[in-house]
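**Q** 3D model of this:
(2 chains)
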Amino acid sequence: MVDDKSKAAAYWSANLRLIVGSLVVWAIASYGLGILLRPMLAGVTVGGTDLGFWFAQQGSILTFIGIIFHYAWRMNKLDRDMGLEE
Amino acid sequence: MDQFYINLLFVGASFALYFGIAIWARAGSTKEFYVAGGGVHPVANGMATAADWMSAASFISMAGLLAAGGYANSSFLMGWTGGYVLLAMLLAPYLRKFGKFTVPDFIAERFYSKTARLVAVACLIVASVTYVIGQMAGAGIAFSRFLEVDKDTGLVIASVVVFFYAVLGGMKGITYTQVAQYVVLIIAYTIPAIFISMELTGNPIPAFGLFGEHSASGMPLLAKLDQIVVDLGFAAYTADVPNKLNMVLFTLTLMIGTAGLPHVIIRFFTVPKVADARWSAGWALIFIALLYLTAPAVASMARLNLINTVYPDGVKAESIKYDDRPDWMKTWEETKLIKFEDKNGDGRIQFYNDKADMSDRGWNGNELTYNRDILVLANPEIAQLPGWVIGLIAAGGLAAALSTAAGLLLAISSAISHDLIKNSINPDISEKGELMAARASMTVAIIIATYLGMNPPGFAAQVVALAFGIAAASMFPVLMMGIFSKRINNKGAVAGMLAGLIVTLVYIFMYKGWFFIPGTANLPDNPDNWIMGISPLSFGAIGAIINFTVAYVVSSATEEPPQEIQDLVESVRYPKGAGAAVDH
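**A** I've put the predicted structure just below:
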């Protein structure tokens, strides 16, 4: 039981670490590159406009897809490694 | 063949498909009615979620919003997709593990409180009803334009179709119909976009064409668009926004609102396992992205095409004569969605931003006004695409409206039959009785939604403010805290939900009128009067912060939740050992 408890705690903190890391990427792609950092990136041109515009209308969405699949893959693997899968 | 018959053929064929699915996927138990038996494949659920999510607003209105606002309206693109990241990591897997039928179910059990259940049901019903009116009205408009019937008749036809598969099949019927509707709507959206992208840029992938070269001028497409809109006195298409705080908060409100909308969350109750719920969120976003990555291309290309139609020889030359206007303008003029007024009496159409003085060109004000929604609907005609593409758009617009309406109606009816009847009023109701109650609630919900679609109340136009504001300020925080904190208790949750909800609604009502009754606003709804430039539409994120804070403070000051509740939180965190919670 004690062993189970520490395993469960390790699983949960691994999940939290992964979530925080993913949310950092999530925020950088949208709020960062797409909105707040756009003026700083105005010099980087992409097809007639700047990188910030591309991130706001395309890049952020592609990044979100990457984040979810990465999270699903890592967590489903963690479930199996720790014997916590359904 | 006459365009009317082509439209009839496409819409008729798609409806026949939905009817076929309805007969095949009848629901025999409450589990089938509420969560499609819990056996939907994650990819199929991803597709159904995409159709559930992409409403008439995504299909018809979003490209129009982007075309009008350019970069400034990118919030809709990021906000309505970024919420899926939150859903995938913070809510969907744990709520799936919990294994019950509705969103208020979780709130009620986790916070061991009937009040919490009732507040959640109220939030769910207000958000979903506001949302569903827009879908019904959208279906009515699509019918009236493409099938030449009266708007109200169109709405009744749409309701009968939804009634058939939603009442018969519940979530099971809705799920498989949504899969078919996704296929119809994505084909309908992308085919005209591919044609237009080919015409303008030579690139068959619209998302690449957007950043490609405008074939006619040899300039990058967006640079060309920036140039001509600026020549006509508008702000540059790619211009940055001055108020970044508001843009950040608006995007955040849409994201957490998306993650907190019950009709989206319940879709993840239908997959077999927790691992499937995670995958399924990814698939949903891929299917959504197919439309959302195309929409900004459609927006900029439609705006360019519209201006080119009015100024065939370039914006520096004379504009088109009213008598020479293309046929599509004539058709849409009949619907009053395009209007022309010859202010300077020269018989030509001047289309520009009349805040800029163009009197040196003999112009006396903008003469062309159009409803933003027609951009997608008229796009194939503007680009002179063949008639079958127009028929496809008709079927696609209806698929988008009906699939979202059905999902919302299920969320509403299950809140009534399961949360109110089964869990509040009559706990002894039998399985059969509850299934009947679910069907009856669905019927009543459809009748009410049809009536409200015909006679839209003032709040129907406030989907973004009401549905997303409420979901962001009340639902999302309480769900997240229920999973990620063991310390939040019943009092904290109820206080947090109410505080977030009330402050958000007051801020919206201050600018938009109390209960949206015209003339009752305290302050004019414009950036000069907004506190720190925060729009009422962006306030849901602040409401969420208030909700989190109040819930934390109140919970810390009161007793810990009982041990069995803390065990419940433990159990939703780990996929293993579902068992107990699955069956009622």
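
**Q** Could you find the closest non-adjacent residue to the residue in the stretch 451-584 of chain B that chain A sits nearest to?
**A** The stretch 451-584 of chain B approaches chain A most closely through residue B:576 (4.5 Å), counting by CB to the nearest CB. C-beta here means a position set from N, CA and C on the backbone, and glycine is covered the same way. Spatial nearest neighbour of residue B:576, chain neighbours left out: residue A:84 (4.5 Å); criterion: CB to CB, 6 or more residues apart in numbering or on different chains.

**Q** How about residue B:342?
**A** Per CB to CB, 6+ apart, closest to residue B:342 is residue B:367, 6.1 Å.

**Q** now swap in residue B:531 and tell me
**A** residue B:507 (8.0 Å).

**Q** And residue B:87, by the same measure?
**A** Of all residues not flanking residue B:87 in the chain, residue B:259 sits nearest, at 4.5 Å (CB to CB, 6+ apart).

**Q** And the one you found, how far from residue B:213?
**A** Using CB to CB, to the nearest Å, we find residue B:259 at a distance of 38 Å from residue B:213.

**Q** With residue A:48 instead?
**A** From residue A:48 to residue B:213 the distance is 8 Å (CB to CB).

**Q** same check, this time on residue B:54
**A** For residue B:54 relative to residue B:213 (CB to CB), the value is 30 Å.

**Q** Find me the pLDDT at residue 5, would you?
**A** Since you didn't name a chain, this refers to chain A. According to the prediction, residue A:5 has pLDDT 83.

**Q** Chain B is the one I meant
**A** Residue B:5 carries a pLDDT value of 93.

**Q** May I have the helix or strand harbouring it exported as CSV, CA atoms only?
**A** Assigned by DSSP states H and E, residue B:5 belongs to helix B:3-24. Backbone C-alpha positions of helix B:3-24 (Å, rounded to 0.1, in the frame of the first residue of the first chain) are rendered in CSV as follows:
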residue,chain,number,x,y,z
GLN,B,3,-29.4,25.9,-59.4
PHE,B,4,-32.4,25.3,-57.2
TYR,B,5,-32.5,21.7,-58.1
ILE,B,6,-28.8,21.2,-57.7
ASN,B,7,-29.1,22.6,-54.1
LEU,B,8,-32.1,20.4,-53.5
LEU,B,9,-30.2,17.4,-54.7
PHE,B,10,-27.2,18.1,-52.4
VAL,B,11,-29.2,19.0,-49.3
GLY,B,12,-31.7,16.1,-49.9
ALA,B,13,-28.9,13.5,-50.3
SER,B,14,-27.2,14.7,-47.1
PHE,B,15,-30.5,14.5,-45.2
ALA,B,16,-31.3,11.1,-46.5
LEU,B,17,-27.9,10.0,-45.1
TYR,B,18,-28.7,11.5,-41.7
PHE,B,19,-32.1,9.7,-41.6
GLY,B,20,-30.4,6.4,-42.5
ILE,B,21,-28.0,6.8,-39.6
ALA,B,22,-30.8,7.7,-37.2
ILE,B,23,-32.7,4.4,-38.0
TRP,B,24,-29.5,2.4,-37.7
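
**Q** hmm, who's touching it?
**A** B:146-148, B:161, B:164-165, B:168-169, B:173, B:176-177, B:180-181, B:184, B:387-388, B:390-392, B:394-395, B:398-399, B:402 (CB atoms under 8 Å, 6 or more residues apart in numbering or on different chains).

**Q** what packs against the helix or strand just after it?
**A** Remark: after helix B:3-24, the chain's next helix or strand is helix B:30-35, criterion DSSP H and E. Helix B:30-35 is packed against helix B:151-201, helix B:387-414, helix B:431-454, with contacts defined by 3 or more CB pairs under 8 Å, 6 or more residues apart in numbering or on different chains; DSSP states H and E.
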